[in-house]
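test case, fold it:
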Amino acid sequence: MTVTLNIVGDAEADALLSSDPLALLIGMLCDQQYPMEAAFAAPKKIADRMGGLDVHRIAESDVDEFASMCSVPPAIHRYPGSMAKRIHELCHIIIDRYDSSPAAIWTEGDPDGKEVLKRLKALPGYGDQKARIFLAILGKQYEVEPAGWRQAAGDYGLEGSRRSVADVTDAQSLQEVRAFKKEAKAAAKAAKA
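So this is what the prediction gives:
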């Protein structure tokens, strides 16, 4: 499997996301109240500061020291301390529940799309929407297609859609996703009024 993601727009950061399931999970975790490209650049910042991205090194680090490292400018997130704590907790869960293998979340026991969605929703910081988007990334870009993944991902799994990071493959699709999100926010705001 050779995956080439183009989310950050930085060759090294995108290569890390393409090759390392932990990086992809961390990037998606950080995609909250922060620009998409910056959120998905967080794993590369952590890897640069720690000499690589390793689930054990993160989990075994002192959580406050890890949060401090994540806060050094340029910080990994708008709220680096709280995000660092979630990343730390995520790594513990991967070690404890998935034998230290991030990809086991979507491969262990040959799960279907519903089961993968359930596993993702059990991760810190992964609510229903984020879990569905991540499942769509797996199916659309990461070549991971468990049975029923499109249905489990909901509208994010629709072929040809431009709803989320799962649909970003280049600068053009990034702009299309931004336009969709802007329209969706305006519609939600109008509905409230």
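
quick one: Y98 from I7, how far?
Applying CB to CB, to the nearest Å, one obtains 23 Å for the distance of Y98 from I7. Backbone N, C-alpha and C define where each C-beta goes, glycine included.

okay, those two: which has more neighbours?
Taking neighbours as other CB atoms under 10 Å, Y98 and I7 compare with I7 leading, 25 against 17.

assess the claim that the more buried one and A166 are in contact.
No. Applying CB atoms under 8 Å, one finds I7 not in contact with A166, separated by 9.7 Å.

tell me who's in contact with the spatially most central residue of the chain.
With distances taken as CA atoms, centre = their mean, M28 lies nearest the centre of the chain, 1.7 Å away. Shown in contact with M28 (CB atoms under 8 Å, 6 or more residues apart in numbering): A39, F40, Y126, K130, I133, F134, I137, V165.

the chain: strands as residue ranges?
In the chain, no strands are defined using DSSP state E.

lowest-pLDDT helix or strand in it?
helix 171-192 (a mean of 89; mean pLDDT, DSSP states H and E).

so which residues make contact with that helix?
With CB under 8 Å, 6+ apart as the test, helix 171-192 has contacts from G9, M36, E37, R162, R163, S164, V165, D167, V168.

residue ranges with poor pLDDT in the protein?
For the chain, the stretches flagged by pLDDT under 70 are 1-2.

so what's A38 up against?
Contacts of A38 (CB under 8 Å, 6+ apart): H77.

can we start the residue count at 49 from this point?
All set: I'll call the first residue 49, so the last point we hit is now A86.

give me the distance between it and K93.
10 Å.

what's the burial count for Y190?
Y190 has 21 neighbouring residues, counting by other CB under 10 Å.

what about it, distance to A234?
31 Å.

at which residues are the helices of the protein located?
All helices of the chain, identified by DSSP state H, fall at 59-67, 69-78, 84-98, 103-108, 111-119, 128-146, 152-155, 161-169, 176-188, 197-201, 219-240.

out of those helices, deepest packed?
Mean neighbour count (mean count of other CB atoms under 10 Å) peaks for helix 69-78 among the helices of the chain, with a mean of 25.

can you dump the C-alpha coordinates of that helix into PDB?
This file holds the C-alpha atoms of helix 69-78, laid out as PDB (Å, rounded to 0.1, in the frame of the first residue of the first chain):
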ATOM      1  CA  PRO A  69      -1.100   5.700  11.300                       C
ATOM      2  CA  LEU A  70      -0.200   7.300  14.600                       C
ATOM      3  CA  ALA A  71       0.500  10.600  12.800                       C
ATOM      4  CA  LEU A  72      -2.800  10.400  11.000                       C
ATOM      5  CA  LEU A  73      -4.700   9.700  14.300                       C
ATOM      6  CA  ILE A  74      -2.900  12.600  16.000                       C
ATOM      7  CA  GLY A  75      -3.500  15.000  13.100                       C
ATOM      8  CA  MET A  76      -7.200  14.200  13.100                       C
ATOM      9  CA  LEU A  77      -7.300  14.600  16.900                       C
ATOM     10  CA  CYS A  78      -5.800  18.100  16.500                       C
END
